[in-house]
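[1] Just the structure for this:
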Amino acid sequence: MILQRFFRRIKRRISPIKVLPGDGRGLFLFAHTGDVIRAETLLRKAELPIAVKAPPPELRTGCDLAIEFSLAHESFIRTIMEQAGLIPVDCVPITGEPLEPASLFQCKDFGDYLMVRMTNMKITVEKSSKRIVNVSGGGCPDVPYLASLLTGKRIEEVDPPKNYGQTLCAYALQLAFEEAKRLCAG
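    I've put the predicted structure just below:
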């Protein structure tokens with residue numbers, strides 16, 4: 001309840017938030033993947049321009065995800081996270097190539113098929129029919145269940161994986177699903 005009032009009060013002052021060219025970027029690093037997912041949800045609800053990225057190997061803290069943000073919004077983002085009890089392990093500015101975060105997606109076009117990989121999860125779609133032909137990867141117990149729900153269905157008609165899974169693999173599959181759906185729409 002307190003957080004909702006906080007969002008309303010802040011949105012009246014700054015709406016919408018835009019990233020200006022030349023704004024510096026930073027990474028919030030967390031110890032646990034669940035904290036990144038919670039932070040992403042909160043910050044997107046506040047309509048902040050953030051992205052979930054893979055931190056460079058030298059900055060990993062046991063979690064393979066980080067929140068990339070505009071340094072111009074750092075204090076606002078910190079306030080939101082502190083209100084929710086989310087404290088990052090570290091915050092580092094991105095100062096160039098060595099600290100550049102990696103994209104989480106890898107896309108491969110096989111002609112008739114498009115495969116989108118997000119970390120350890122892959123989803124493959126037949127481009128002509130937009131049917132999901134394969135879901136693979138991960139090691140979480142819900143992957144076979146999620147694969148059975150998605151495989152054989154048209155990507156624009158199936159419920160997203162986030163409706164059924166609660167593991168890191170389900171989260172990764174959700175992001176791959178969204179990217180594949182975006183790519184198939186165009």
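
[2] Strands of the chain, start to end?
    With strands called from DSSP state E, the chain shows them at 25-29, 51-53, 66-70, 90-93, 105-109, 113-118, 121-126, 131-137.

[3] Adding mean pLDDT, write the ones you listed out as a markdown table.
    Output for the strands of the chain, formatted as a markdown table (pLDDT from 0 to 100):
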| stretch | mean pLDDT |
| --- | --- |
| strand 25-29 | 92 |
| strand 51-53 | 88 |
| strand 66-70 | 92 |
| strand 90-93 | 90 |
| strand 105-109 | 89 |
| strand 113-118 | 94 |
| strand 121-126 | 95 |
| strand 131-137 | 95 |
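
[4] Export these as TSV, with columns for distance to residue 163 and mean neighbour count.
    The way it works is simple: take the backbone N, C-alpha and C, and place the C-beta from them, glycine included. Compiled in TSV, the strands of the chain are given as follows (distance: least, CB to CB, whole Å; neighbours: other CB atoms under 10 Å):
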stretch	distance to residue 163	mean neighbour count
strand 25-29	27	22
strand 51-53	19	18
strand 66-70	23	24
strand 90-93	32	14
strand 105-109	21	13
strand 113-118	17	20
strand 121-126	15	23
strand 131-137	15	18
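
[5] Tell me how many other residues surround residue 177.
    When neighbours are counted by other CB atoms under 10 Å, residue 177 registers 25.

[6] isn't it right up against residue 153?
    No: applying CB atoms under 8 Å, one finds residue 177 not in contact with residue 153, separated by 11.2 Å.

[7] Now for the residue nearest to the spatial centre of the chain: which residues touch it?
    Centroid check for the chain by CA atoms, centre = their mean gives residue 52 as the closest residue, at 4.3 Å. Contact partners of residue 52, counting by CB atoms under 8 Å, 6 or more residues apart in numbering, are 36, 40, 65, 66, 67, 68, 104, 175.

[8] Show me what the spatially closest residue to the last one that is not a sequence neighbour bridges to in the sheet.
    Among residues not flanking residue 175 along the chain, residue 118 sits closest, at 4.6 Å (CB to CB, 6 or more residues apart in numbering). With DSSP bridges as the criterion, the beta-bridge partners of residue 118 are residue 105, residue 121.

[9] my guess is residue 118 meets residue 170, correct?
    No: with contact defined as CB under 8 Å, residue 118 does not reach residue 170; the gap is 11.2 Å.
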